[in-house]
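Asks: my questions are about this predicted structure, shown below with the sequence.
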Amino acid sequence: MTAVALSRRGPARVLRIEIRRSVVLWAVPLLLALFYFDTFRTAAGFPAVWTVRSSVITDHMIADFCPFAAGLAAWVASREGRRKTSDLLATTVRPAWARQASALGATLFWLLIAFLAGVAALYIDTAVQATWGGPPLWPVAVGVVEVVTFAVIGFTAGALFPGRFTAPLAAIGCFLLAVIGLHAAGGVKPGTSTYGLLSPTTNVSLGDVGVFYRVAPDVAIAQVMFMGGVTVALLGLLTLAPAFRVSYHGLLAGVSRAGRWLCVAGVALLAAGVAASVTAFSLVGTAHMGVSGWEIPALHDAASDRPVPYTPDCAGTSFTVCVHPAFSAYLASANAELQPAFAEIAGLPGAPVRAEQVASGDGVLGSQGLNFAGVPKPGVSGTPLVYYFISDDGLSPLWDIPAVVGPGFQQNFLTAFIAGPPRVGPGPDAAALSPTAAQQAVITALMTAVGSPAPQWGEDMGNGGPTAGATPAQITAAAQRFGSLSSAARHAWLAANLPALRAGTLGLGQLP
Amino acid sequence: MTIADIQKPAAPAAPGRWRASPGARLVWLHMRSRRVPAAVFALAVCGGVLRAALQWGWLFRTGHFAQEFPMIVEGGAAAVLVITTHSPFGEPERTGSRWLPYLRLGTALVMTGVAIGILQLAVTGASLDGGVLVMARNVIGVTGIGLLSSLVTGGLLAWILPMAYIAFAEYALLQLWTNPWTWPVRPPADRGAWVCASVVFAAGLAAFMIRGARTRLAEDS
């Protein structure tokens, strides 16, 4: 075997040795255990909608991976400094950057294998349960880039500041960065600063995001650009690190030690990385909310604003209940909840003839006319009258609260019919107010009549008194009085008084 | 320089400075060999971060999630202090010093106290949710995990398991777990949480005092 062949096989052999002896292997069981408890179990509590399930990658999974990626990479990078072998290794034929590249490559190898194995488990579980759509790839791309970025941050810290405390401090720093980023991302709302969208960790999205409209990849592109820029800039810094160790011979000697071309490459990497990150930062500042999520005008493709065609899944005959095929698993329970409630109001003025799921839109924003053009507002509207509901109206469990799914879905239906569009409170918060006391009593009585538990109303207070106009005890007593009537008597009273009840002009004392 | 220069015996200790208290000199040298001064500086960094978070509103000040950020810093402080369990001397030190178990015990106890003291000093006047009780419980409990971990992984890698526990505690916080062994998410006066944290700390302390941190794995990595 010639010397040339040996030297060509050298880097691969070094990488193979680094992979085999990597310290990350020790942390892989911990990472997988954390993945199972935190990411996998959390995702299992969400509806089997691809976009919702995949949002745990940047919400939980990154927060679990980032401290270990940064800490272990810092540990690996500080090896030469910790053992004080830098001078010894400087005399070998391999340059410092080649040794560091092998060490970083081996660290990333195991981290990315663990990360992608977790994503595969998550997606396989979702594929078994999902009834519509396919696996989104942008969250995976963002997650991979973020794992690499955190590892490179830790590696740079370890290489520049070798010491026994560098690894845990890098791990803690990145963990805190993820938590702070999560808060920043959660605080991004229309009309506020949007730079928090660059956060490495983001909140779980709404229950039906990506179902009615495709998720615009704008923010994901900006995140990849930003994190990738940080990574490239840090790699440039690592390349230039020997030149920074300026001895008494001055900067030129440092450059000479690092190699002229290596310095040029380092400066180029640093400049390219900073440019990419600054560009992404400025792009995110222009983001605004659209039907497909956060849109960045310079990156946005208008085609993603078009609704995704679908054929709804329906059940029922006289009163039809329709859901998006992504929520087919919840059709039977939705139908079972709405049919008895509809039987109580059938034939009354303004009673809907069908119920249909529409894209999420905040009820308060909708009542203020802030919903997006072309998106039906939740509530009873249209000709013929249709009850439009959204996934967050109790159709499907989110945040592990299945108890509110059934009765909550029924309560929202009866509230939309009896109370009409939600009343909005004064002030900049514009919070939705509870129905009036009489409306609450009637809704409670109807729900009790169909065998559902009495709904829980918030005790909103305004000017020292309940905003509903009566105490919960008074409302409960009125509901029991109204519920004790026969079904025909309730129906007749509602037929005569529904407009006044809906307008909020009836008091508790006027209920029979 | 000649070989004779290199082989010249080490200079004797400064006259008069340590002669009166060889015990104190032993303790000081033990702590220096464990990089205790650097660890105190790293703990001060942790305290500074916690203070900055309280000052500039990086965390929820009240409510269930108010523990989210402090928990990481407190666990991080514990992860930093267990790094001081690493001995640079290995086997020769174990065979040559009968005072070593007591030095280990004393260093671990002192560093735990210093960590609690520095963090408390950092949040003085900033009304940390849960107060010093939750902070102390988190530090001693996670330190116990780190000490136990150091028996297997060695002192230099003993931060991994405490970090994993803190990451798991974040999940427990989100899921409103109430098990006493998830003590970081329990209220200050929760007796079960105190018992669990104290038992883990005592077990870690006893095992570390008797066995000391493993040296081989950390050296090989």
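Replies: In hand now; what should we look at?
Asks: so who does the residue nearest the centre of chain B touch?
Replies: With distances taken as C-alpha atoms, centre = their mean, B:Leu81 lies nearest the centre of chain B, 2.5 Å away. Neighbouring residues of B:Leu81 by C-beta atoms under 8 Å, 6 or more residues apart in numbering or on different chains: B:39, B:43, B:111-112, B:114-115, B:143, B:146. (Glycine included, C-beta is placed from N, CA and C.)
Asks: widest-spaced pair of the residues you listed?
Replies: Spanning the widest gap among the contacts of B:Leu81 are B:Val114 and B:Gly146, at 14.8 Å by C-beta to C-beta.
Asks: of the two, which one has the most company?
Replies: For B:Val114 versus B:Gly146, the count of surrounding residues by other C-beta atoms under 10 Å in any protein chain shown is larger for B:Gly146: 33 against 17.
Asks: chain neighbours aside, what residue packs nearest to the more buried one?
Replies: Of all residues not flanking B:Gly146 in the chain, B:Val82 sits nearest, at 3.2 Å (C-beta to C-beta, 6 or more residues apart in numbering or on different chains).
Asks: is any part of the longest helix anywhere in chain A close to chain B?
Replies: Longest helix in chain A, counting residues (DSSP state H): helix A:96-129. No. If you take C-beta under 8 Å from any C-beta of the partner chain as the test, helix A:96-129 misses chain B, and the best it gets is 11.4 Å.
Asks: immediately after that helix, which helix or strand?
Replies: Where DSSP states H and E defines the elements, the next helix or strand beyond helix A:96-129 is helix A:138-160.
Asks: what's the neighbour count on the closest residue to chain A within chain B?
Replies: Per C-beta to the nearest C-beta, B:Gly76 is where chain B lies closest to chain A, at 3.4 Å. Around B:Gly76 there are 30 other residues, counting by other C-beta under 10 Å.
Asks: ok, it - contacts?
Replies: Listed by C-beta under 8 Å, 6+ apart, the contact partners of B:Gly76 are A:168-169, A:171-172, A:175-176, B:46, B:163, B:166.
Asks: circling back: touching, the residue nearest to B:Gly146 and B:Leu157? I think so.
Replies: No. Using C-beta atoms under 8 Å, B:Val82 is not in contact with B:Leu157, being 9.9 Å away.
Asks: name the residues contacting each of these two.
Replies: Contact criterion C-beta under 8 Å, 6+ apart; residues shared by B:Val82 and B:Leu157: B:Ser149.
Asks: among these two, which residue is more densely surrounded?
Replies: The residue with more neighbours, out of B:Val82 and B:Leu157, is B:Val82; 33 against 27, by other C-beta under 10 Å.
Asks: B:Gly204: which element?
Replies: Judged by DSSP H and E, B:Gly204 forms part of helix B:191-211.
Asks: that helix: which residues count as buried?
Replies: B:193-194, B:196-197, B:200-201, B:204-205, B:208-209 (16 or more other C-beta atoms under 10 Å in any protein chain shown).
Asks: okay, it in CSV with CA atoms only?
Replies: Output in CSV follows, covering the C-alpha atoms of helix B:191-211 (Å, rounded to 0.1, in the frame of the first residue of the first chain):
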residue,chain,number,x,y,z
ARG,B,191,-42.6,16.6,53.1
GLY,B,192,-42.3,13.8,50.6
ALA,B,193,-40.3,15.9,48.2
TRP,B,194,-37.9,16.9,51.0
VAL,B,195,-37.5,13.3,52.1
CYS,B,196,-36.7,12.1,48.5
ALA,B,197,-34.2,14.9,47.9
SER,B,198,-32.5,14.4,51.3
VAL,B,199,-32.3,10.6,50.8
VAL,B,200,-30.8,11.0,47.4
PHE,B,201,-28.3,13.5,48.7
ALA,B,202,-27.4,11.4,51.7
ALA,B,203,-27.0,8.3,49.6
GLY,B,204,-24.8,10.2,47.1
LEU,B,205,-22.8,11.8,49.8
ALA,B,206,-22.1,8.5,51.6
ALA,B,207,-21.3,6.6,48.5
PHE,B,208,-19.0,9.3,47.2
MET,B,209,-17.3,9.6,50.6
ILE,B,210,-16.5,5.9,50.7
ARG,B,211,-15.8,5.1,47.0
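Asks: for it, which helices and strands make contact with it?
Replies: Helices and strands touching helix B:191-211, by 3 or more C-beta pairs under 8 Å, 6 or more residues apart in numbering or on different chains; DSSP states H and E, are helix B:100-123, helix B:131-153.
Asks: ok, B:His30 touching B:Leu105?
Replies: No. If you go by C-beta under 8 Å, B:His30 and B:Leu105 don't touch, sitting 11.3 Å apart.
Asks: contacts only, for A:Trp440.
Replies: No, residue A:440 isn't Trp; it's Gln. When contacts are counted by C-beta under 8 Å, 6+ apart, A:Gln440 is found next to A:434, A:455, A:457, A:468, A:475, A:479.
Asks: cutoff 10 Å now
Replies: A:415, A:418-419, A:434, A:454-455, A:457, A:468-470, A:472, A:475-476, A:478-479, A:508 (C-beta atoms under 10 Å, 6 or more residues apart in numbering or on different chains).
Asks: which SSE is it in?
Replies: Element membership for A:Gln440, per DSSP H and E: helix A:437-449.
Asks: please compute how far that helix lies from its chain's middle.
Replies: Mean C-alpha position of helix A:437-449 versus that of the full chain (C-alpha atoms, centre = their mean, to the nearest Å) differs by 36 Å.
Asks: equivalent analysis for stretch A:303-313, please.
Replies: For stretch A:303-313 - counting by C-alpha atoms, centre = their mean - the centre lies 21 Å from the chain centre.
Asks: got the CA positions of the helix or strand harbouring A:Phe409 in PDB?
Replies: Assignment of secondary structure by DSSP H and E places A:Phe409 within helix A:405-419. Below are the C-alpha coordinates for helix A:405-419, written out as PDB (Å, rounded to 0.1, in the frame of the first residue of the first chain):
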ATOM      1  CA  VAL A 405     -64.100  17.100  24.500                       C
ATOM      2  CA  GLY A 406     -67.600  15.700  24.600                       C
ATOM      3  CA  PRO A 407     -69.600  18.000  26.800                       C
ATOM      4  CA  GLY A 408     -67.500  21.000  25.800                       C
ATOM      5  CA  PHE A 409     -68.300  20.400  22.200                       C
ATOM      6  CA  GLN A 410     -72.000  20.200  23.000                       C
ATOM      7  CA  GLN A 411     -71.800  23.300  25.200                       C
ATOM      8  CA  ASN A 412     -70.200  25.300  22.400                       C
ATOM      9  CA  PHE A 413     -72.900  24.300  20.000                       C
ATOM     10  CA  LEU A 414     -75.800  25.300  22.300                       C
ATOM     11  CA  THR A 415     -74.000  28.500  23.300                       C
ATOM     12  CA  ALA A 416     -73.500  29.500  19.600                       C
ATOM     13  CA  PHE A 417     -77.300  28.900  19.000                       C
ATOM     14  CA  ILE A 418     -78.700  30.400  22.200                       C
ATOM     15  CA  ALA A 419     -76.300  33.300  22.800                       C
END
